[in-house]
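Novice: coords below, sequence missing:
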């Protein structure tokens with residue numbers, strides 16, 4: 001094992017974490033690096049344990065070595081990545097503890113949030129499979145065990161889609177708890193669903209529900225296609241089932257602050273609702289268009305305490321400074337259950353839309369292909 005003892009530059013989250021998408025792509029975390037596919041897993045090979053070195057393949061070692069030596073693994077991409085310098089100091093090229101295993105259990109979502117992929121374009125931008133299978137996850141975790149990965153701190157089910165759209169989601173949680181029982185498991189969802197019994201009885205540690213508003217009108221401005229009343233009903237049933245079963249599950253209400261949902265009245269109402277739902281209310285600062293002007297930075301969030309005294313606060317990685325990042329060995333690293341705001345998966349889409357008007361280009365490309373195909377058929381006729 002190659003180990004360095006002295007202090008050095010911080011790496012990114014990929015230095016001791018993995019991100020695996022529903023179709024087997026292993027990408028460079030989930031910010032702009034998502035365009036960098038480090039490896040493509042084949043499910044049949046994963047099941048048969050033929051996919052080797054999942055936590056130590058060449059690209060991962062390259063990333064760790066680059067940061068350890070004070071460089072960047074992918075110049076031109078790393079400079080724009082929100083999670084750069086938010087990892088710990090790279091002390092080894094071959095770690096045996098995995099900090100975050102980020103699993104995209106489903107690529108599907110029926111919402112069309114402005115800073116994410118429109119529901120109608122999902123099938124055009126990515127082919128199947130759209131849901132991770134139980135055999136895929138089981139083979140992945142067993143291979144990590146065979147390679148000597150002794151522990152996984154956090155297994156986070158989140159991705160470009162919503163994890164609750166995977167019919168096998170409950171089984172995925174149970175598999176993780178069986179193979180890595182000490183891992184902290186969490187799932188992030190928009191919650192616009194009926195209740196699923198596995199939410200309480202699968203062993204999930206934290207359910208984080210994204211509801212950006214305390215009234216239906218403001219909620220729908222961002223969660224396009226969602227149903228506010230259905231989401232609140234979903235949380236009420238989760239609350240009731242937790243109380244009935246005595247479940248240890250924590251529920252967090254993730255509330256992104258925009259200029260249309262940041263009034264004292266709405267924040268106060270959200271706090272009241274969260275209290276009724278027995279959910280932890282967390283307000284989130286974002287860099288996205290429409291972001292709150294009343295609360296532009298972390299210091300301004302302190303004012304919320306006057307109307308929502310029990311609320312917590314988070315900021316997206318795009319708004320954090322490297323000084324906010326936990327360093328390996330810090331006391332904070334041991335507090336695995338501390339709520340953490342992982343970077344959202346819509347950032348690549350946002351970048352493409354801002355820099356290249358990606359949606360328009362996609363539509364034009366499809367139109368061009370259609371015209372060319374039609375013309376070719378006419379020529380052949």
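Specialist: Received it, and whenever you're ready, just let me know what you need. Because the structure is predicted, anything quoted here is derived from the model rather than measured.

Novice: which residue ranges of the stretch 251-381 of the chain form strands?
Specialist: With DSSP state E, counting those that start in this stretch, the ranges of strands along the stretch 251-381 of the chain come out as 280-285, 312-315.

Novice: tell me how many other residues crowd residue 248.
Specialist: A count of nearby residues for residue 248, using other C-beta atoms under 10 Å, gives 10. Every C-beta, even on glycine, is put in place using the N, C-alpha and C of the backbone.

Novice: just so I know, which of the strands of the stretch 251-381 of the chain lies nearest residue 218?
Specialist: Closest of the strands of the stretch 251-381 of the chain to residue 218 is strand 280-285, at 13.8 Å (criterion: C-beta to C-beta).

Novice: the strands of the stretch 251-381 of the chain: which one's closest to residue 292?
Specialist: Among the strands of the stretch 251-381 of the chain, strand 280-285 comes nearest to residue 292, with 7.2 Å by C-beta to C-beta.

Novice: partner strands of the closest one and their direction?
Specialist: strand 250-256 (parallel), strand 312-315 (parallel) (DSSP bridges).

Novice: list of residues touching it?
Specialist: Strand 280-285 has contacts (C-beta atoms under 8 Å, 6 or more residues apart in numbering) with 250-257, 267, 270-271, 274, 291-292, 295-298, 301, 304, 308, 310-316, 319, 339, 341.

Novice: are any of those buried, and which?
Specialist: By neighbour count, with 16 or more other C-beta atoms under 10 Å, the contacts of strand 280-285 hold 250-257, 267, 270-271, 274, 291-292, 295, 301, 304, 308, 311-316, 319, 339, 341 as buried.

Novice: need the helix or strand of this structure with the lowest average pLDDT.
Specialist: Least confident helix or strand of the chain, by mean pLDDT, DSSP states H and E, is helix 347-356 with a mean of 42.

Novice: and residue 237, its phi and psi?
Specialist: Main-chain torsions, residue 237, degrees, to the nearest 10: phi -70, psi -40.

Novice: which residues sit in contact with it?
Specialist: Applying C-beta under 8 Å, 6+ apart, we find residue 237 in contact with residue 195.

Novice: and what about residue 207, helix, strand or coil?
Specialist: strand (DSSP: H, G, I helix; E, B strand; the rest coil).

Novice: could you find the closest non-adjacent residue to it?
Specialist: Sequence neighbours aside, residue 251 is the residue nearest to residue 207 in space, at 5.1 Å (criterion: C-beta to C-beta, 6 or more residues apart in numbering).

Novice: was I right about that neighbour contacting residue 241?
Specialist: No - here residue 251 does not reach residue 241: they are 10.8 Å apart, not a contact under C-beta atoms under 8 Å.

Novice: quick check: next helix or strand after the host helix or strand of residue 64?
Specialist: Residue 64 belongs to helix 58-68 when elements are defined using DSSP states H and E. As assigned by DSSP H and E, the chain's next helix or strand after helix 58-68 is strand 97-103.
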